[in-house]
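Visitor: Pasting a predicted model and its sequence here:
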Amino acid sequence: MEKVCVNSEAVRDENPNCNPNPNPNPNPVAPAVGMEFESYEDVYYFYNWYAKEQGFGVRVTNTWYRKTKERYRAKLSCSSAGFKKRSEANRPRPETRTGCPAMIKFRLMDSSRWRIIEVHLDHNHLINPSTAMFYKSHKQIPLSVSVGTKRSFPQQLHKIRMFRTVILHDDQPNSLCSNHFKLNLHKGDAEAILNFFSHQQLSDPHFFYLVDVNEKGFLRNLFWADAKSRVAYSYFSDVVAIDTACLAAEFQLPLVLILGINHHKQSILFACGLLARDTVESYTWLFRAWLTCILGRPPQVIITHQCPILQTVVADVFPRSTHCLCLFNILQKIPQKLGLCTQYEAISAAFRRAVYSSLRAEEFEATWQHMMKSNQIRGHRWLQSLYEDRKRWAPVYLKEIFLAGMFPIQPSDVVSFFFDGYLNAQTSLKQFLEKYDQTLRTKRQLEALADLDSNSSSLVPKTRSYFELQVSKLYTNEILRMFEREVEGMFSCFNSRQINVDGPVITYTVQEQVEVEGNARDFEVCYHEAEMEVLCVCGLFNLRGYLCRHALFILNQNGIKEIPGQYILSRWRKDMKRSNACDDNYSGTDINNPVNRYDHLYRQIVKVVEEGKKSHDHYRTAVQALENIFNKLHLENVGDPNPNPYVIY
């Protein structure tokens, strides 16, 4: 049996101007059986912080002492626990307690750490985070330790530290009880987890991870995200995909990926999770861990596979996000779900026609109903469930949602697996963790090369269009190539005519010769000259993030030589100013930045500590060296006529 002490940081934004929500972190890390802390005070601080975020007070209801007057067990309760003793006074104070059962019990273990042994989270009264300031226990709670403005994050961050001990036990069969599910580990996996998190934490001070244990203390779920992934999320958080393919395909590794797309239309990793089971409880824990990691700022759109469990959890944890279902995943299921139908080819063709050829909802409805009627499959359960969820996956219903090109809207669109070539059904956890850094390094090198390519080279416009010349100086090369196809498509548009005038808004129809369908189609385009707004029925701007050929055709027809600024998104620009996470090569540390100096020195000191603890001789050498360094720095500070100390913490 191996014990692993996991140090995780629950980070929250304390800048009130960044989030108008009075409760900036609606999902703080909840207390759980098995959490361990360095001291009694750490347990109180953690539970009191959790209470403040939730909106209730805390009081100590019981403390047990040994004969040596040493505390060894305690109970913290909601301030509304129990009832006051009856008073015989003429005007007794009104009863304010409700006998609330919410509490935690914890005790001192042999390891001299305090472990939570019992938890009850439910209250029998209403709680409100906005009233937390009125409770006595929160009037003395410190604002946590200021870390200063890191270059990795634009806002000033504050952090609290939480410690949890996780017992990793190889090759123990899972319990049948869902509360006792544990991550299925094989020989060497436990040590691999310990080494992986130790290495990541040593090399990256902003590495974030949380663990979930069952009631017996066995590892159940894992979540982690490194600094560069967290920084990337701050720039590309508009649309996020949750990839659960490893769970659905029953890979040996139960991996869940949280992905986005960068300014080169490359897939980027925001976070990873390992789940013991694909249950509501597991996904809820994972998403709340991620929400803590991203400072309580959910994405605008979340794309997942079609799964009732995921739909339930996303609605619960991210109620303000738009939840879409992955169309690519749905199309992949057609052979499996409909392959035995006698008219499979006709059904498949009709299905794709409804998806890709419908410009309006009524067209989709008509095509779908005709498919169901003509092939006599009205009672097919899978198709019925798809129809009920059609507004989550059919492109015709998603035109008012910005999807940043992460949603396939043409048959040629392909969605690739992020770890393709590095991970398969037989890959073990140990093998994956060993390849993890290499994989991310390769992906990030490709992004860096794409940055260099876009910034150092200028693609020669294929046409003489003013639009293409304009964006060739702004877009990254990959987005420019995609936009060029729309500029070239302007030449297949013809016979535009004005069909309606509604005040300043003019509606046109633009005919386009569609090669796939072999005939001309009409596309309605609305144009507001005063506001320089243009909107096409095809919805390409929201679906992919740049204007379509039909909108460009109307702008050109009205003598507009440049694309209006609101249609050139900053997420596609090659000159987008981005902060970077701390680079692995510390020789490039900005010595003019005191925070960067601190980060660099901290990593070096941690390495000394790790070496110094290995033996008594190493310890003495490390202590002597540190004392010499301190004395030397002290003498330099005394001799400096104008010292300029920086206080980091």
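Guide: Arrived safely.
Visitor: Could you list every helix and strand in contact with the helix ranked longest in the chain?
Guide: Here the longest helix in the chain is taken by residue count, with DSSP state H as the criterion, and it is helix 429-456. Contacts of helix 429-456 with other secondary structure elements, assessed using 3 or more CB pairs under 8 Å, 6 or more residues apart in numbering; DSSP states H and E, are made with helix 189-203, strand 267-275, helix 477-489. Every C-beta, even on glycine, is put in place using the N, C-alpha and C of the backbone.
Visitor: Which one of the ones you listed lies nearest to residue 531?
Guide: Within the helices and strands packed on helix 429-456, the stretch nearest residue 531 is helix 477-489; the backing value is 21.8 Å (CB to CB).
Visitor: what's the pLDDT at residue 260?
Guide: Turning to residue 260, the model gives it a pLDDT of 95.
Visitor: got it, and the one 3 residues further on?
Guide: At residue 263, the model reports a pLDDT of 94.
Visitor: for the one 4 residues further on, same thing?
Guide: Looking at residue 267, its pLDDT reads 94.
Visitor: just checking, it touches residue 420?
Guide: No. Counting by CB atoms under 8 Å, no contact exists between residue 267 and residue 420, whose distance comes to 9.8 Å.
Visitor: Which of the two has more residues huddled nearby?
Guide: Higher neighbour count among residue 267 and residue 420: residue 267, with 18 against 10, using other CB atoms under 10 Å.
Visitor: Who is the more buried one paired with across the strands?
Guide: In this structure, residue 267 has beta-bridge partners residue 261, where bridges are defined by DSSP bridges.
Visitor: Now do the contacts for it.
Guide: The contact partners of residue 267, by CB atoms under 8 Å, 6 or more residues apart in numbering, come to 259, 260, 261, 416, 418, 443.
Visitor: Just confirm residue 74 is within a strand.
Guide: Yes. Secondary structure assignment places residue 74 in a strand (DSSP: H, G, I helix; E, B strand; the rest coil).
Visitor: Nearest residue to it in space, please, no chain neighbours.
Guide: Excluding its sequence neighbours, the residue lying closest to residue 74 (CB to CB, 6 or more residues apart in numbering) is residue 63, at 4.8 Å.
Visitor: Residue 126 - that's part of a helix, no?
Guide: No. Per three-state DSSP, residue 126 lies outside any helix segment and is coil.
Visitor: Count the residues that sit near it.
Guide: Residue neighbour count, defined by other CB under 10 Å, stands at 9 for residue 126.
Visitor: any idea how far it is from residue 55?
Guide: In this structure, residue 126 lies at 9 Å from residue 55, with CB to CB, to the nearest Å as the measure.
Visitor: Pull out the buried residues from the host helix or strand of residue 512.
Guide: Taking DSSP states H and E as the criterion, the element that holds residue 512 is strand 505-514. Of the residues in strand 505-514, those scored as buried under the neighbour-count criterion (16 or more other CB atoms under 10 Å) are 506, 507, 508, 509, 510, 511, 512.
Visitor: Residues contacting it, please?
Guide: With contacts defined as CB under 8 Å, 6+ apart, strand 505-514 is touched by 489, 492-501, 519-529, 549-550, 553-554.
Visitor: Next: stretch 239-255.
Guide: By CB under 8 Å, 6+ apart, the surrounding residues in contact with stretch 239-255 are 183-184, 256-261, 270, 272-276, 278, 299-305, 307, 310, 326, 402-404, 406, 417-419, 423-429, 432.
Visitor: Inside strands: which ones of those?
Guide: For the contacts of stretch 239-255, the ones inside strands are 256-261, 270, 272-275, 301-304, with DSSP state E as the criterion.
Visitor: quick one: which two of these are the most distant?
Guide: Farthest apart among the ones in strands among the contacts of stretch 239-255 by CB to CB are 274 and 301. That separation is 24.7 Å.
Visitor: If you count surrounding residues, which of the two has more?
Guide: The residue with more neighbours, out of residue 274 and residue 301, is residue 274; 26 against 22, by other CB under 10 Å.
Visitor: what sits against the residue lying closest to that one once chain neighbours are set aside?
Guide: In space, and not counting its chain neighbours, residue 274 is closest to residue 222: 4.3 Å by CB to CB, 6+ apart. With contact taken as CB under 8 Å, 6+ apart, residue 222 is in contact with 183, 193, 209, 210, 211, 212, 273, 274.
Visitor: Please state the backbone phi and psi of residue 222?
Guide: For residue 222, the backbone dihedrals are phi -130, psi 150 (criterion: degrees, to the nearest 10).
Visitor: Quick check: bridge partners of it?
Guide: Here residue 222, judged by DSSP bridges, has bridge partners residue 211, residue 274.
Visitor: what separates it from residue 360, distance-wise?
Guide: With CB to CB as the criterion, residue 222 and residue 360 are 45 Å apart.
Visitor: any idea how far stretch 368-387 is from the chain center?
Guide: Counting by CA atoms, centre = their mean, to the nearest Å, stretch 368-387 is centred 35 Å from the centre of its parent chain.
Visitor: Repeat that for stretch 433-443.
Guide: Stretch 433-443 sits 19 Å away from the centroid of its parent chain (CA atoms, centre = their mean).
Visitor: again with stretch 346-356
Guide: Stretch 346-356 has its average C-alpha position 33 Å from the chain's average C-alpha position, going by CA atoms, centre = their mean.
Visitor: List the buried residues in it.
Guide: Neighbour-count burial for stretch 346-356 flags 347, 348, 350, 351, 353, 354, 355, 356 (criterion: 16+ other CB under 10 Å).
Visitor: Can I get that stretch in CSV? Just the C-alpha atoms.
Guide: Only the C-alpha atoms of stretch 346-356 are listed here, as CSV (Å, rounded to 0.1, in the frame of the first residue of the first chain):
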residue,chain,number,x,y,z
ALA,A,346,-31.5,5.9,-48.2
ILE,A,347,-31.9,6.7,-44.5
SER,A,348,-28.2,7.7,-44.1
ALA,A,349,-28.4,10.0,-47.2
ALA,A,350,-31.6,11.6,-45.9
PHE,A,351,-30.1,12.1,-42.5
ARG,A,352,-27.1,13.9,-43.9
ARG,A,353,-29.2,16.0,-46.2
ALA,A,354,-31.3,17.2,-43.3
VAL,A,355,-28.1,18.1,-41.4
TYR,A,356,-26.0,19.7,-44.2
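Visitor: Start the count at 238 instead of 1 going forward.
Guide: I'll keep to 238 as the first residue from here, and by that count the last item is stretch 583-593.
Visitor: and it, average pLDDT?
Guide: This predicted structure assigns stretch 583-593 an average pLDDT of 92.
Visitor: okay, and for the stretch 738-886 of the chain, where does confidence drop off?
Guide: Under the criterion of pLDDT under 70, the regions of the stretch 738-886 of the chain flagged as low confidence span 752-755, 816-837, 839-840, 843, 873-886.
Visitor: re earlier: could you list which of the buried residues of stretch 583-593 belong to helices?
Guide: When those are checked against helices using DSSP H, the ones located there are 584, 585, 587, 588, 590, 591, 592, 593.
Visitor: wait, the fifth one sits on residue 603?
Guide: No. With contact defined as CB under 8 Å, residue 590 and residue 603 do not form a contacting pair (10.8 Å).
Visitor: Looking at the ones in helices among the buried residues of stretch 583-593, which one is closest to residue 853?
Guide: Comparing these against residue 853 with CB to CB places residue 592 closest, at 69.9 Å.
Visitor: Would you check that that closest one makes contact with residue 634?
Guide: No. With contact defined as CB under 8 Å, residue 592 does not reach residue 634; the gap is 10.9 Å.
Visitor: The helix or strand that residue 286 is a member of - contacts with which helices or strands?
Guide: If you go by DSSP H and E, residue 286 is part of helix 277-291. Here helix 277-291 is seen to pack against strand 295-302, strand 308-315, strand 340-345, strand 351-357, strand 394-405 when contacts are counted using 3+ CB pairs under 8 Å, 6+ apart.
Visitor: That's all I had, so thanks and see you.
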